[in-house]
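Chemist: no FASTA, just this:
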């Protein structure tokens with residue numbers, strides 16, 4: 001495979017060059033091809049890499065709401081440059097031409113109109129595709145190297161971009177439209193909108209063409225490996241709420257007590273497979289947007305975080321008891337964690353969290369979460385076992401004391417000014433689901449494409465302007 005080298009050193013670029021011009025080494029290019037390259041240095045606004053490096057780093061780790069994990073977010077300039085470079089080469093190839101020789105990241109620039117163009121040093125390398133052995137394939141392999149090692153500088157690469165790079169490195173015939181419309185070129189809000197459209201179509205196919213529906217699901221599974229996802233999803237506070245979602249009664253108020261009660265007393269509503277994840281991804285967007293549009297100073301999130309900690313502790317204790325008793329079969333812990341907790345445990349946790357979080361003491365979100373978890377765990381441990389006996393008032397008092405002590409031990413635990421947390425926009429929702437199944441969107445998009453169900457946003461074959 002050809003490797004990037006000096007942009008003006010084409011190596012073997014003269015072979016077959018005279019076929020289109022009547023002379024060795026002379027190629028008369030059509031206007032459509034010639035305008036893809038600079039004619040003079042005065043036309044260059046900046047090099048492609050100068051454009052990319054004005055917004056660094058190319059990949060950043062973005063905190064994900066309700067989670068300790070981070071999302072790999074590409075800069076808009078890295079994303080748009082990748083998009084433009086891929087489409088530039090697809091357009092060149094569609095016109096019947098390719099570059100015969102090596103080039104690198106410095107071989108491209110941006111004109112005054114924001115259009116990506118090849119430097120004049122590339123002109124001697126331009127040949128008709130028919131005159132070059134594996135010209136298109138070699139071009140795309142070098143493009144992959146530029147994207148990975150130049151534009152993104154070998155930083156952590158998101159999974160959807162990794163899929164594009166793999167396709168470029170092993171470029172098959174007929175892959176042009178797929179790499180041009182690849183999901184990695186889209187912003188997060190576009191991905192969220194695209195998911196909704198694809199999901200609706202998938203549900204229609206389930207009724208009118210079950211065979212195609214099954215093929216799409218199988219293809220998604222092969223690409224994304226989305227299975228046994230519930231454990232990962234429950235690590236995110238907001239997504240865990242979605243998993244245990246049940247509508248509040250008509251006259252019930254949306255307050256902390258009711259939300260915690262609903263969470264603790266509802267089993268997980270989704271199956272631990274691809275179909276379950278797709279359904280959760282679709283339903284979750286509506287639930288998160290409507291139920292968590294505003295979280296006053298983050299205490300709702302802290303309450304659910306604490307409730308989840310208590311729920312986990314309860315089921316772990318029950319599992320340990322079952323193992324110790326050697327009663328067969330022992331229900332797996334993963335299965336137990338999908339269940340609710342008894343009403344008495346749920347009620348005690350609700351009261352402790354409400355008392356602690358709404359006491360008026362200013363706390364940072366992190367301190368509130370640590371304290372809430374301490375309160376819930378204290379409740380569960382005290383109520384564990386058949387001989388547990390403690391007055392309700394004392395149980396509540398001790399749980400709040402445990403919460404306050406844990407919260408005050410958090411560095412920077414006192415809040416300054418806590419404005420309402422406005423949640424969520426489309427980017428937040430995409431981040432939450434991406435860390436659970438990072439290959440899901442690319443797998444879904446490619447599976448639909450292969451099944452003849454192409455979903456695109458705008459004109460996917462038009463080279464974007466880099467402004």
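Modeler: Structure received. All figures in this text were calculated on a predicted structure; none of them were measured in a lab.
Chemist: now do the helices in the stretch 201-350 of the chain.
Modeler: For the stretch 201-350 of the chain, helices defined by DSSP state H, counting those that start in this stretch occupy the ranges 210-224, 230-233, 237-243, 256-264, 274-291, 299-325, 333-336, 343-357.
Chemist: mean neighbour count, mean pLDDT and distance to residue 54 for these - can I get that in JSON lines?
Modeler: Placement of C-beta: from N, CA and C, glycine included. Listed next are the helices of the stretch 201-350 of the chain as JSON lines, based on neighbours: other CB atoms under 10 Å; pLDDT from 0 to 100; distance: least, CB to CB, whole Å:
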{"stretch": "helix 210-224", "mean neighbour count": "16", "mean pLDDT": "94", "distance to residue 54": "34"}
{"stretch": "helix 230-233", "mean neighbour count": "18", "mean pLDDT": "94", "distance to residue 54": "36"}
{"stretch": "helix 237-243", "mean neighbour count": "24", "mean pLDDT": "91", "distance to residue 54": "34"}
{"stretch": "helix 256-264", "mean neighbour count": "21", "mean pLDDT": "90", "distance to residue 54": "44"}
{"stretch": "helix 274-291", "mean neighbour count": "19", "mean pLDDT": "85", "distance to residue 54": "33"}
{"stretch": "helix 299-325", "mean neighbour count": "20", "mean pLDDT": "93", "distance to residue 54": "36"}
{"stretch": "helix 333-336", "mean neighbour count": "14", "mean pLDDT": "93", "distance to residue 54": "47"}
{"stretch": "helix 343-357", "mean neighbour count": "22", "mean pLDDT": "94", "distance to residue 54": "44"}
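Chemist: as CSV, these with distance to residue 49 would be great.
Modeler: Output for those, formatted as CSV (distance: least, CB to CB, whole Å):
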stretch, distance to residue 49
helix 210-224, 31
helix 230-233, 37
helix 237-243, 38
helix 256-264, 49
helix 274-291, 36
helix 299-325, 41
helix 333-336, 48
helix 343-357, 50
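Chemist: indicate which one of these is closest to residue 69.
Modeler: helix 230-233 (9.0 Å; CB to CB).
Chemist: which elements pack onto the closest one?
Modeler: helix 237-243, helix 274-291, helix 426-436 (3 or more CB pairs under 8 Å, 6 or more residues apart in numbering; DSSP states H and E).
Chemist: make it 10 Å
Modeler: Using 3 or more CB pairs under 10 Å, 6 or more residues apart in numbering; DSSP states H and E, the elements in contact with helix 230-233 are helix 237-243, helix 274-291, helix 333-336, helix 426-436.
Chemist: for residue 395, find the nearest of these.
Modeler: When those are compared (using CB to CB), the closest one is helix 333-336, at 23.6 Å.
Chemist: and the closest one, how far out from the chain middle?
Modeler: Between the centre of helix 333-336 and the centre of its host chain there is 27 Å, according to CA atoms, centre = their mean, to the nearest Å.
Chemist: residue 175 is nearest to which of the helices of the stretch 201-350 of the chain?
Modeler: helix 210-224 (14.7 Å).
Chemist: could I get the full set of strands for the stretch 1-150 of the chain?
Modeler: Taking DSSP state E, counting those that start in this stretch as the criterion, the stretch 1-150 of the chain contains strands spanning 44-47, 59-63, 70-74, 97-99, 108-111, 116-118, 126-128.
Chemist: let me have the helices and strands packed on helix 230-233 in CSV, adding distance to residue 447 as columns.
Modeler: Formatted as CSV, those follow (distance: least, CB to CB, whole Å):
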stretch, distance to residue 447
helix 237-243, 23
helix 274-291, 11
helix 333-336, 27
helix 426-436, 17
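Chemist: of all those helices, which lies closest to residue 182?
Modeler: helix 426-436 (15.6 Å).
Chemist: tell me how far the closest residue to residue 399 other than its chain neighbours lies from residue 299.
Modeler: With sequence-adjacent residues excluded and distances taken as CB to CB, 6 or more residues apart in numbering, residue 399 is closest to residue 352, at 3.9 Å. With distances taken as CB to CB, to the nearest Å, residue 352 is found 14 Å from residue 299.
Chemist: and residue 175, how many neighbours does it have?
Modeler: Neighbours of residue 175 under the rule other CB atoms under 10 Å: 16.
Chemist: any idea of the pLDDT on residue 55?
Modeler: Listed pLDDT for residue 55 reads 88.
Chemist: ok, now which ones touch the closest residue to residue 91 other than its chain neighbours?
Modeler: Among residues not flanking residue 91 along the chain, residue 463 sits closest, at 6.4 Å (CB to CB, 6+ apart). By CB atoms under 10 Å, 6 or more residues apart in numbering, residue 463 lies in contact with 36, 83-91, 115-117, 180.
Chemist: now the buried members of the residues you listed.
Modeler: For these, a burial check counting by 16 or more other CB atoms under 10 Å picks out 36, 83-91, 115-117, 180.
Chemist: and the helices and strands packed on helix 230-233: which comes nearest residue 166?
Modeler: helix 426-436 (18.4 Å).
Chemist: tell me what angle the helix or strand that comes right after that closest one forms with helix 426-436.
Modeler: Next helix or strand after helix 426-436 toward the C-terminus (DSSP states H and E): helix 440-450. Angle, helix 440-450 to helix 426-436, by axes from the mean of the first three to the mean of the last three CA atoms, to 10 degrees: 90 degrees.
Chemist: does anything pack onto helix 440-450? Which helices or strands?
Modeler: Taking 3+ CB pairs under 10 Å, 6+ apart as the contact cut, helix 440-450 packs with helix 159-169, helix 176-180, helix 188-208, helix 210-224, helix 274-291, helix 426-436.
Chemist: residues contacting the residue positioned nearest the centre of the chain?
Modeler: The centroid of the chain falls nearest to residue 434 when counting by CA atoms, centre = their mean (2.9 Å). Taking CB under 10 Å, 6+ apart, we find residue 434 in contact with 64, 69, 71, 72, 73, 158, 159, 160, 188, 191, 440, 441.
Chemist: the residue nearest to residue 120 when sequence neighbours are not counted: neighbouring residues, count only.
Modeler: Spatially, and ignoring its direct neighbours in sequence, residue 120 is nearest to residue 38 (5.3 Å; CB to CB, 6+ apart). For residue 38, the count of nearby residues is 20 (other CB under 10 Å).
Chemist: nothing else from me, thank you.
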